[in-house]
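Visitor: Curious how this folds, go ahead:
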Amino acid sequence: MRITCRNMDEFLMNLKGVSVYRKSVHFDRTSKPMGDKHQKDATSFEVYLQASAVIEFEDGEGQALLQHGEYCGIDRHTGDGGLEGSDNQTELIQQLEEYCEKNDLVLRPGLIDM
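Guide: Numbers count the residues shown, from 1 in each chain. Reported below is the predicted structural model:
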């Protein structure tokens, strides 16, 4: 079974009150060049964050992959640009870090793929 969440609040809500396999939550930072430019030549990037964990049901009746993917915004690496996407991504990761710390979970890079 797979549970997909549309935002970080939903992801964290689904982690509440359940056991997390190996007490591990995973995350991945991604950026994609905009337009048809190659990664090295691009100046604008779409920024994304993904998070995943395997939750275990209390009754011992199995597990589910809990996933979250979110568009964070655009980074513009130009003189008049900004890093709004990365800034938003960093805020979401901090929210995830705080939750993991308070709930005895380990935050690790990478994604779980089942």
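Visitor: CA only for contacts and neighbour counts going forward, please
Guide: Noted.
Visitor: Other residues contacting the host helix or strand of Q89?
Guide: Applying DSSP states H and E as the criterion places Q89 in helix 84-102. With contacts defined as Cα atoms under 8 Å, 6 or more residues apart in numbering, helix 84-102 is touched by 8, 12, 25, 29, 46-49, 72-75, 106-107.
Visitor: Name the residue most distant from the centre of this structure?
Guide: When distances to the mean C-alpha position of the chain are computed (Cα atoms, centre = their mean), the maximum falls on G79, with 28.7 Å.
Visitor: Tell me the secondary structure at it.
Guide: Classification of G79 by DSSP: H, G, I helix; E, B strand; the rest coil places it in coil.
Visitor: Next, it: phi, psi?
Guide: phi -60, psi -40 (degrees, to the nearest 10).
Visitor: Local confidence estimate at it?
Guide: At G79, the predicted lDDT confidence score is 79.
Visitor: Please shift the residue numbers so they start at 245 in all later answers.
Guide: Renumbered: residue one is now 245, and that last one reads G323.
Visitor: for L327, which residues make a bridge with it?
Guide: D319 (DSSP bridges).
Visitor: Relative to Y315, how far out is it?
Guide: When Cα to Cα, to the nearest Å is applied, the distance between L327 and Y315 equals 14 Å.
Visitor: One more: V291?
Guide: Here the criterion is Cα to Cα. By it, V291 lies 6 Å from Y315.
Visitor: Looking at those two, which has the bigger crowd around it?
Guide: With neighbours defined as other Cα atoms under 10 Å, V291 and Y315 compare such that V291 has more, 23 against 17.
Visitor: can you pull the contacts of that one?
Guide: Residues in contact with V291 (Cα under 8 Å, 6+ apart) are R273, T274, S275, K276, Y315, C316, G317, I318, D319, G329, S330, Q333.
Visitor: let's see it at 10 Å
Guide: 273-277, 314-319, 327-333 (Cα atoms under 10 Å, 6 or more residues apart in numbering).
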